[in-house]
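Q: only geometry, no sequence info:
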């Protein structure tokens, strides 16, 4: 059957403690197990590990497969390196004494590292406690000083007067700054008004020059209009004279034509009478026939 080396959870909520057990892979996590190898407590710093190294090596040789967390624990306690050395002994790569010596050397170096870590953690904890005590002493001194100040009203009055004088001085400085700012703003405003006046004066001069130029132009246009009017009157008189002469000539021609027509009227009348008589004669002749 498949056998695993794994953790079995115990302890209360938020503070778990694990048993390192050899169990069937098909069994529940916290159910039946074959053998208990040790204890793992992660609530301490560094974590507390109590492990039967020889039993763990034996189960590894028997084919038990550790979980990832258990593999890290076995490596931390030297189970894997001891298994490696024993495999070397089986292969006659080294003797049992050499293997045990190497394992003891590794364990000693590992314990040195662990002790160094524990001492450093202890030193850090002592520094933290000392700093906390110093802070507490400072708070205690501050509270005592506050009580002393509270029980000495004279000192309080002096402090209040000093604070009042400081407030008055700050207000005076603030008022002075406000006054200086107002003066500066007024100067800027006066300068702006002067610049606007100069600009308006320049605009007025330009407008005056433009009006003068416009007046000269209007006067020139008026003179041209007068000259054109004189020319038009002269042209009108000349046209009138020519028209009168033409009318007189036409009238004279019409009078002459009238006289000629009067002279020719009797002749035409006689010819008409003759034509009428001839027509009547022809009419009579036709009737007789």
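A: Everything's here; your move. What you see is a predicted model; the values in this text were computed from it and never measured.

Q: helix or strand for the closest residue to residue 23 other than its chain neighbours, which one?
A: Spatial nearest neighbour of residue 23, chain neighbours left out: residue 33 (3.9 Å); criterion: C-beta to C-beta, 6 or more residues apart in numbering. C-beta here means a position set from N, CA and C on the backbone, and glycine is covered the same way. Per DSSP states H and E, residue 33 falls between elements, in no helix or strand.

Q: now the strands for the stretch 51-200 of the chain?
A: 65-66 (DSSP state E, counting those that start in this stretch).

Q: tell me where it is predicted with low confidence.
A: Segments of the stretch 51-200 of the chain classed as low confidence (criterion: pLDDT under 70) are 153-160, 162, 187, 190, 193-194, 197-199.

Q: all helices for it, in order.
A: Ranges of helices in the stretch 51-200 of the chain, per DSSP state H, counting those that start in this stretch, are 53-61, 68-77, 79-90, 96-150, 153-288.

Q: okay, the ones you listed in a markdown table with mean neighbour count and distance to residue 15 next?
A: Formatted as a markdown table, the helices of the stretch 51-200 of the chain follow (neighbours: other C-beta atoms under 10 Å; distance: least, C-beta to C-beta, whole Å):
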| stretch | mean neighbour count | distance to residue 15 |
| --- | --- | --- |
| helix 53-61 | 17 | 25 |
| helix 68-77 | 17 | 17 |
| helix 79-90 | 17 | 26 |
| helix 96-150 | 11 | 19 |
| helix 153-288 | 10 | 52 |
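
Q: which of those sits closest to residue 42?
A: Nearest of the helices of the stretch 51-200 of the chain to residue 42, taken as C-beta to C-beta: helix 68-77 at 9.8 Å.

Q: what is the closest one packed up against?
A: Applying 3 or more C-beta pairs under 8 Å, 6 or more residues apart in numbering; DSSP states H and E, we find helix 68-77 packed against strand 3-12, strand 48-51, helix 53-61, helix 79-90.

Q: elements contacting the longest one?
A: Looking back up the chat, that one is helix 79-90. helix 53-61, helix 68-77, helix 96-150.

Q: distance to residue 252 for these - can I get that in JSON lines?
A: Below are these laid out as JSON lines (distance: least, C-beta to C-beta, whole Å):
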{"stretch": "helix 53-61", "distance to residue 252": "161"}
{"stretch": "helix 68-77", "distance to residue 252": "147"}
{"stretch": "helix 96-150", "distance to residue 252": "142"}
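
Q: of those, which is nearest residue 12?
A: The minimum distance between residue 12 and the helices and strands packed on helix 79-90 falls on helix 68-77, with 20.1 Å, by C-beta to C-beta.

Q: what residues does the closest one touch?
A: 5-7, 20, 40, 49, 51, 53, 56, 60, 66, 80-81 (C-beta atoms under 8 Å, 6 or more residues apart in numbering).

Q: 6 Å instead, please
A: 5, 6, 49, 51, 56, 66, 80 (C-beta atoms under 6 Å, 6 or more residues apart in numbering).

Q: relative to helix 96-150, how tilted is that helix?
A: On the basis of axes from the mean of the first three to the mean of the last three C-alpha atoms, to 10 degrees, helix 68-77 is oriented at 100 degrees to helix 96-150.

Q: and the residue nearest to residue 23, how many neighbours does it have?
A: If you count neighbours by other C-beta atoms under 10 Å, residue 33 ends up with 19.

Q: cool, and the one 5 residues further on?
A: Residues within reach of residue 38, counting by other C-beta under 10 Å, total 19.
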